[in-house]
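Sequence below, structure please.
(chains A and B)
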There are 2 protein chains.
Amino acid sequence: MRAVGEIRRPFAFGRRHANHAPMNIVFVLFDNVTQLDFAGPVQFLSRLPGSTVQIVSKDGKAVTTDCGFSIVPNASFADCRPADIICVPGGHGVRQAVGDAAIVDFVRQQGAQAKWVTSVCTGAFILGVAGLLQDKQATCHWAYTQLLPMVGATHKAARVVRDGNVVTAGGVTSGIDFALELIALIAGEDVARTLQLALEYDPAPPFQGGTPETTSPDVLHNLRARVYDRAAEQMEEALRDSGMVG
Amino acid sequence: MRAVGEIRRPFAFGRRHANHAPMNIVFVLFDNVTQLDFAGPVQFLSRLPGSTVQIVSKDGKAVTTDCGFSIVPNASFADCRPADIICVPGGHGVRQAVGDAAIVDFVRQQGAQAKWVTSVCTGAFILGVAGLLQDKQATCHWAYTQLLPMVGATHKAARVVRDGNVVTAGGVTSGIDFALELIALIAGEDVARTLQLALEYDPAPPFQGGTPETTSPDVLHNLRARVYDRAAEQMEEALRDSGMVG
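Residues are numbered from 1 along each chain as shown, chains lettered A, B, ... in the order given. You can find the predicted model right below:
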């Protein structure tokens, strides 16, 4: 069993600053993950006072990302202690992951006992095939929201959706807003504001856009035609093939 | 020499969509990098039409991050082809990196011939000790901007600062805004807007803040006292010890 280190938290809080129970935060990685789905939330959540972070893959080995590099986790499923927060990122690798019983079973078991069950982007569908979105309001990347009913969820149009202890975020960059909201819920607004300052999160997109509703019709049409119409079909097929959807 | 793969770009553009010369984009990694400084820009820039991405460390081996996991690059300094864009992220590891002649020499040589010389957060100081910020307007993480004159730069108060072919970004999350601005400069606004939509970048921070000017005085005071007053002193010492500053 490999050692699971407390990570260094040079610009946040030690346990003595925590006003809540210690939390073991578990991120579930798999090949071809969209790396920013994970990298945004982990940057913020790893600074939650009194927390430990376990970044896990099935066998504890490196996983490929969509950006040409790999990530070396710090634990395997077998090494993983009970999650207080489980967070599942998305990416095109989700299509394989929803058919991988080891991943789905791990998420189901950890999610059944976690205080917070969370996802970013298409990671929602891994929660979904694990049965964790049944009768829940949820969201995911805008191109896939119409598939949420396949896993028993109802889409709610928001960047971050909370339904009880289930918190789901929209596409990729929404994971940062999700993390700040979760930190505020758990540790309070001052901690969230402190991390927002430490990580200089005062976003200034150079253009309006970033959602189907706010971008130009041409940009949306072209991106759908070139990528997402087919990608959503492939996700639908993968969900059906998983045998885990209604 | 290891193969340097074209990464898969499932939701962007192939070379046939490029209206500019192909670009080799080089990210320079080192131990104890602030992983989101890198993860934000690489998610966007790796989708620049017709680009290749080389993620390099000195020896091509994995580097540690500040979040409990490691990143496996896809090239070593020796394997790295000439950069069209060089991007240097920051983090507490910068203090060691500015004293590492192999890193500084690599950045100097690549930066001298690159079309675009860029940094996020305290990565600016690696550009700086390599001589690439001399007489330039620049920025970095808000807690370190007063140190920019040590490397010959003048601080300009903006989230992303362009001075000729040098583009520097503020702390951590500013790397996303930086990447979109650079993509728009190189490939045009439609490409930038398309990637903004693909990555659902319509940020919605739950709180106002994220800069010393917009957060509460208490949050700023406490974070400075607990972390950044000392961190800035340590950076200043590291810059002096590097022997590369005026």
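
going forward, measure contacts between C-alpha atoms and count neighbours the same way
Noted.

Flag the shaky bits of chain A, pLDDT-wise.
A:1-19, A:246 (pLDDT under 70).

Give me the distance between the residue of it most remote from its centre and residue A:226.
The C-alpha centroid of chain A is most remote from residue A:218, which lies 29.2 Å away (CA atoms, centre = their mean). Applying CA to CA, to the nearest Å, the value for residue A:218 to residue A:226 is 12 Å.

Chain A: strands as residue ranges?
A:23-28, A:51-57, A:63-64, A:70-72, A:75-76, A:85-88, A:116-120, A:137-138, A:154-155, A:160-163, A:166-169 (DSSP state E).

Dump those strands into CSV; add distance to residue B:236 as well.
Rendered in CSV, the data for those read as follows (distance: least, CA to CA, whole Å):
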stretch, distance to residue B:236
strand A:23-28, 34
strand A:51-57, 30
strand A:63-64, 37
strand A:70-72, 31
strand A:75-76, 36
strand A:85-88, 37
strand A:116-120, 38
strand A:137-138, 47
strand A:154-155, 50
strand A:160-163, 40
strand A:166-169, 39
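
For the ones you listed, give me TSV that also has mean neighbour count and distance to residue B:164.
Formatted as TSV, the strands of chain A follow (neighbours: other CA atoms under 10 Å in any protein chain shown; distance: least, CA to CA, whole Å):
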stretch	mean neighbour count	distance to residue B:164
strand A:23-28	22	40
strand A:51-57	25	40
strand A:63-64	20	36
strand A:70-72	23	33
strand A:75-76	23	45
strand A:85-88	26	41
strand A:116-120	27	37
strand A:137-138	26	45
strand A:154-155	18	46
strand A:160-163	20	39
strand A:166-169	27	38
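
Out of these, flag the one nearest chain B.
strand A:70-72 (4.8 Å; CA to the nearest CA).

wait, does that closest one make contact with chain B?
Yes - Strand A:70-72 comes into contact with chain B (CA under 8 Å from any CA of the partner chain), by way of A:70-72.

Adjacent strands (with direction) for that strand?
Sheet pairing for strand A:70-72, assigned by DSSP bridges, gives strand A:63-64 (antiparallel), strand B:70-72 (antiparallel).

quick check, stretch A:134-143 touching chain B?
Yes - Stretch A:134-143 comes into contact with chain B (CA under 8 Å from any CA), by way of A:141-142.

what about that stretch, start to end distance?
End-to-end span of stretch A:134-143 (CA to CA): 20 Å.

can you list contacts of it?
A:120-124, A:128, A:145, A:148, A:151-163, A:166-172, A:211-212, A:228-229, A:232, B:200 (CA atoms under 8 Å, 6 or more residues apart in numbering or on different chains).

and residue A:234, how many neighbours?
Residue A:234 has 14 neighbouring residues, counting by other CA atoms under 10 Å in any protein chain shown.

mind listing what it touches?
Neighbours of residue A:234 in contact, by CA under 8 Å, 6+ apart: residue A:95.
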